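Enquirer: for reference, the sequence and a predicted model appear below.
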Amino acid sequence: MDNSELTILVIDDEDFVRETISDYLSDSGFNTIDARDGEEGIEIFKRENPDAILVDLNMPKVDGFGVIEQVTSDSPDTPIIVVSGAGLIQDAIKAVRLGAWDFVTKPIVDLSILEHVLGQGLERAGLIKENRRYKEHLEAEVEKRTRALRHEVKVRREAQDALMAIQDEVIETQKEVILTLGEVVETRSNETANHVRRVAEFSYILARRYGLSEEESELLRLASPMHDVGKIGIPDTVLNKPGKLTPEEFDLIKTHTTIGHDILKHSERPIFKAAAIVAYEHHEWWNGKGYPRGLSGEEINVYGRIIGIVDVFDALCSDRIYKKAWPLEKIRDYFAESKGKQFDPHLTDLFFANMDEILELRRTFPDG
């Protein structure tokens with residue numbers, strides 16, 4: 001989209017900062033609107049409906065947190081970028097939890113960094129809108145076909161078979177949407193789309209070997225691509241940091257489990273209910289030292305215990321931004337040392353007992 005079609009609302013009580021950002025974005029082709037405090041910013045937001053918002057945190061009347069809460073409540077798909085000199089990781093975490101999409105710390109040495117972050121937010125917002133249009137189109141198509149089937153059932157028995165066909169189509173669409181969202185999340189964190197496919201297949205194998213039914217195992221395979229969906233709430237600057245994370249950054253990364261659970265927990269559909277469990281519990285440890293809740297042993301749902309094993313295994317087998325792939329023997333040693341601590345010992349033994357099948361699947365869905 002042409003920048004001239006986009007309007008950015010800049011909310012900051014410092015005249016120099018506000019004018020500098022607005023002038024830079026105007027030179028880049030954006031339409032800009034200024035607000036001197038949060039109260040004025042909310043009024044302008046409601047009146048003008050901008051495409052994105054840049055907001056300071058510390059302001060008179062209504063602060064940036066208040067702006068984020070109001071905008072997220074009224075228009076959750078509007079990108080909100082925090083531009084603040086507060087510098088506290090607690091403020092950044094609070095802002096993200098309230099609905100901010102990313103943050104940039106003042107003073108901004110290079111405004112092109114801000115423009116890049118803004119561009120990412122606008123691109124993500126565009127994808128969300130496109131997905132909604134697709135969903136609405138799909139729902140309209142399903143409704144259209146359902147009406148047709150209801151008419152047919154009055155005149156033929158075959159209508160029941162046709163209805164089942166439509167239901168199957170909806171289920172297949174759910175599977176495709178879940179897999180696609182999982183791939184989008186992994187791609188955003190610089191991991192391959194095939195990671196989620198491998199995790200799905202590995203989880204199915206381990207579930208069946210553990211003794212879960214075909215139905216439960218298949219449900220886990222369908223839900224597993226959403227295990228890291230909460231990473232959409234983690235800023236790129238932290239998610240893709242090539243070096244070692246600070247304790248504060250690691251605490252922020254940990255929140256992807258609760259973010260993912262909060263996204264998925266409201267659905268009553270079995271796939272999404274299973275996905276909510278997986279997102280919430282795949283970083284819990286057998287000895288109780290995992291997160292977010294410190295569950296231990298069989299307090300952890302078997303779905304979470306299975307994904308905890310297969311996700312770590314596949315990550316260690318693959319190159320990541322922060323490491324090279326490990327050789328298989330080193331991975332075996334790591335799991336031997338960690339079973340009974342991080343991993344369910346029985347599930348770990350079952351997984352490595354089926355390593356030939358696991359490695360064949362890795363060859364079927366390679367990286368790159």
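Expert: Received the coordinates, thanks. Predicted model only: the values in this text are computed from it and were never measured. Numbers count the residues shown, from 1 in each chain.
Enquirer: separation between His116 and Phe16?
Expert: Separation of His116 from Phe16 (C-beta to C-beta, to the nearest Å): 22 Å. The way it works is simple: take the backbone N, C-alpha and C, and place the C-beta from them, glycine included.
Enquirer: so the two - more neighbours on which side?
Expert: His116 (13 against 8; other C-beta atoms under 10 Å).
Enquirer: for Val83, helix, strand, or coil?
Expert: strand (DSSP: H, G, I helix; E, B strand; the rest coil).
Enquirer: which ones are touching it?
Expert: Val83 is in contact with 12, 17, 21, 54-56, 103-104, 106, 108, 114, counting by C-beta atoms under 8 Å, 6 or more residues apart in numbering.
Enquirer: at 10 Å instead, please
Expert: 10-12, 17-18, 21, 53-57, 64, 102-106, 108, 114, 117-118 (C-beta atoms under 10 Å, 6 or more residues apart in numbering).
Enquirer: please apply the same query to Pro235.
Expert: If you count contacts by C-beta under 10 Å, 6+ apart, then Pro235 has 81-82, 92, 95-96, 100-104, 117, 120, 241, 249, 252 around it.
Enquirer: need the buried ones from those residues selected in PyMOL.
Expert: Restricted to buried positions by 16 or more other C-beta atoms under 10 Å, the PyMOL selection for the contacts of Pro235 reads:
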select buried, resi 81+82+92+95+96+100+101+102+103+104+117+120+249+252
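Enquirer: which of the contacts of Pro235 fall in strands?
Expert: 81-82, 102-104 (DSSP state E).
Enquirer: what does Val55 show for phi and psi?
Expert: Dihedral angles of Val55 (phi, psi; degrees, to the nearest 10) stand at phi -140, psi 140.
Enquirer: and it, bridged to which residues?
Expert: Ile11, Val82 (DSSP bridges).
Enquirer: for the lengthiest helix in the chain, name the packing helices and strands.
Expert: For the chain, the longest helix by residue count, based on DSSP state H, is helix 111-152. Packing partners of helix 111-152 (3 or more C-beta pairs under 10 Å, 6 or more residues apart in numbering; DSSP states H and E): helix 15-27, strand 52-55, strand 80-84, strand 102-105, helix 159-188, helix 236-239.
Enquirer: how about a cut-off of 7 Å?
Expert: In terms of contacts (3 or more C-beta pairs under 7 Å, 6 or more residues apart in numbering; DSSP states H and E), helix 111-152 is packed against strand 52-55, strand 80-84, strand 102-105, helix 159-188.
Enquirer: buried residues in the helix or strand that Arg209 is a member of?
Expert: Assigned by DSSP states H and E, Arg209 belongs to helix 193-210. Across helix 193-210, burial judged by 16+ other C-beta under 10 Å covers 193-208, 210.
Enquirer: hmm, who's touching that helix?
Expert: The contact list for helix 193-210 (C-beta atoms under 7 Å, 6 or more residues apart in numbering) reads 179, 182-183, 186-187, 216-218, 220-221, 224-225, 227, 302, 306-307, 309-311, 314, 318, 347, 350-351, 354, 357-358, 361-362, 365-367.
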